[in-house]
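**Q** sequence unknown, structure follows:
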């Protein structure tokens, strides 16, 4: 089996991972890494000829409420630190960008 095939299979298997319930700020950040990694894994598999869009779409829909909760938890943390609404959105954008870097 080629290394790229093994990597693609591993990427597909990552979609079977479950994010944790976002009870803390660190859990929420960890969930964002997992969601971004799943998206990148599905894209990677597709590029290598392994159909994964439907698997990813199903996984994403199943866990969408938790993804939303994770983002809300990050916003709540920003609010608890006294940041105004526009700064809270900036913190979320920065957190998402940071998690994207970690996942890739």
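**A** Okay, I see it. In this text, all values refer to a predicted model and were calculated from it rather than measured experimentally.
**Q** number of nearby residues for residue 80?
**A** 9 (other C-beta atoms under 10 Å). Glycine gets a C-beta too; all of them are placed from N, C-alpha and C.
**Q** What does the pLDDT read for it?
**A** We have a pLDDT of 88 for residue 80.
**Q** need the contact list for residue 90.
**A** By C-beta atoms under 8 Å, 6 or more residues apart in numbering, no residues touch residue 90.
**Q** For residue 97, see how far away it is.
**A** Distance, residue 90 to residue 97, using C-beta to C-beta, to the nearest Å: 11 Å.
**Q** Could you do residue 46 as well?
**A** 23 Å.
**Q** Give me the more crowded residue out of those two.
**A** residue 46 (15 against 11).
**Q** ok, that one touching residue 52?
**A** Yes. Under the criterion of C-beta atoms under 8 Å, residue 46 is in contact with residue 52, at a separation of 5.8 Å.
**Q** Could you check the pLDDT of the residue nearest the centre of the chain?
**A** Central residue of the chain (C-alpha atoms, centre = their mean): residue 35, 1.6 Å from the mean position. As predicted, residue 35 sits at a pLDDT of 85.
**Q** so is the residue lying closest to it once chain neighbours are set aside in a helix, a strand, or just coil?
**A** The shortest distance from residue 35 to any non-neighbouring residue, by C-beta to C-beta, 6 or more residues apart in numbering, is to residue 67 (5.3 Å). Three-state assignment for residue 67 (DSSP: H, G, I helix; E, B strand; the rest coil): helix.
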